[in-house]
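In: Structure for the following, please:
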Amino acid sequence: MAPQLKLISHKLCPYVQRAVIALTEKGIPFERIDIDLANKPVWFLKISPLGKVPVLTVATDSGEVALFESNVICEYIEETQAGATLHPDDALQRAEHRAWMEFGSAILGDLWGLETTTDATTFEGKRQAIAAKFARVEAAVGTGPFFAGDRFSLVDAVFAPIYRYFDVFDEFADLAIFKDTPKVRRWRAELASRPSVKAAVGADYPQLLRAFLARHDAHLLKLAA
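Out: Here you go, the predicted structure:
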């Protein structure tokens, strides 16, 4: 019996989006179940040791297995599912891609601080940290259209949700994070038009993110005044 996949999700989570993009690029059917992270269901806590999304449940002949951590899920999808290849064939290049996926996670850590802080000094520190990281990304990006050339990869799946944040942030202020990164800007635009990237969130994503910023009284909102 082929595995049946369910993805436990939250509508804003960028880590969930990685898995959705990977599954969509592979053309693999799956069921997406959104939960409220502020009121986590008991059944979810039983299968998620860290209490975080995403969780991918895989129904097999011997029972259901729950996988957690987005990069682990993406690697499982790549290794077991047919469809487009999302990792390089060469072992060294695969390792390099995995390293940049981790770098994307580090950017998301700074982004959390950027979007939730109420303090101007903390905000500026996070803005500078993100800009510095994207300067490193600029040096690593190839000639495009994607991270490593013509083939969409898991690195692209990791960075697409990062860029999506700025589609909303740009409504409030020009943070100048991509000012000196022309290759990154081209890459961002290419990913924004990718069908799998568009499908990774609902039409209400911008509204939900704005509401999230408002609940945190984010300093970012004050820049629009």
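In: Give me the helices and strands touching the lengthiest helix in the chain, please.
Out: Counting by DSSP state H, the longest helix found in the chain is helix 91-116. Helix 91-116 makes packing contacts with helix 70-80, helix 120-140, helix 154-169 when contacts are defined by 3 or more CB pairs under 8 Å, 6 or more residues apart in numbering; DSSP states H and E. C-beta here means a position set from N, CA and C on the backbone, and glycine is covered the same way.
In: what comes into contact with the shortest one?
Out: Read that as helix 70-80. Contact with helix 70-80 is made by 3, 15-16, 18-19, 22-23, 26, 28, 54, 56, 58, 67, 85-87, 98, 101-102, 105, 154, 157, as judged by CB atoms under 8 Å, 6 or more residues apart in numbering.
In: re earlier: buried stuff in the longest helix of the chain?
Out: The neighbour-count check on helix 91-116 (16 or more other CB atoms under 10 Å) flags 94, 97-98, 100-101, 103-105, 107-108, 110-111, 113-116 as buried.
In: how many degrees apart are it and helix 120-140 in direction?
Out: Orientation of helix 91-116 against helix 120-140 (axes from the mean of the first three to the mean of the last three CA atoms, to 10 degrees) gives an angle of 160 degrees.
In: low-scoring stretches of this structure, by residue?
Out: 1-3, 225 (pLDDT under 70).
In: try 50 this time
Out: For the chain, the stretches with pLDDT under 50 are 1.
In: got the domain boundaries for it?
Out: The chain is divided into the following domains under automatic domain parsing: 4-80, 91-222.
In: Check the separation of the first and last residues in the shortest one.
Out: It stands for domain 4-80. Criterion CA to CA, to the nearest Å; first-to-last residue distance in domain 4-80 is 12 Å.
In: So what's the gap between that domain and the chain middle?
Out: Taking CA atoms, centre = their mean, to the nearest Å, one finds domain 4-80 lying 13 Å from the centre of the chain it belongs to.
In: again with the longest one
Out: Between the centre of domain 91-222 and the centre of its chain there are 8 Å (CA atoms, centre = their mean).
In: For that domain, what is the spacing between the initial and final residues?
Out: End-to-end distance for domain 91-222: 47 Å, by CA to CA.
In: which of the helices and strands packed on helix 91-116 is buried the deepest?
Out: Highest mean neighbour count among the helices and strands packed on helix 91-116 (mean count of other CB atoms under 10 Å): helix 154-169, with a mean of 23.
In: Can I get that one as CSV, trimmed to CA atoms?
Out: Taking C-alpha atoms only, helix 154-169 is exported to CSV below (Å, rounded to 0.1, in the frame of the first residue of the first chain):
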residue,chain,number,x,y,z
LEU,A,154,14.6,22.3,-1.6
VAL,A,155,16.7,25.4,-1.0
ASP,A,156,14.1,27.3,-3.1
ALA,A,157,11.3,25.7,-1.0
VAL,A,158,13.0,27.0,2.2
PHE,A,159,13.6,30.6,1.0
ALA,A,160,10.2,31.2,-0.8
PRO,A,161,8.3,31.5,2.6
ILE,A,162,11.0,33.9,3.8
TYR,A,163,10.5,36.2,0.9
ARG,A,164,6.7,36.0,1.3
TYR,A,165,7.0,37.8,4.6
PHE,A,166,8.4,40.8,2.9
ASP,A,167,5.5,41.0,0.5
VAL,A,168,3.5,42.1,3.5
PHE,A,169,6.3,44.0,5.3
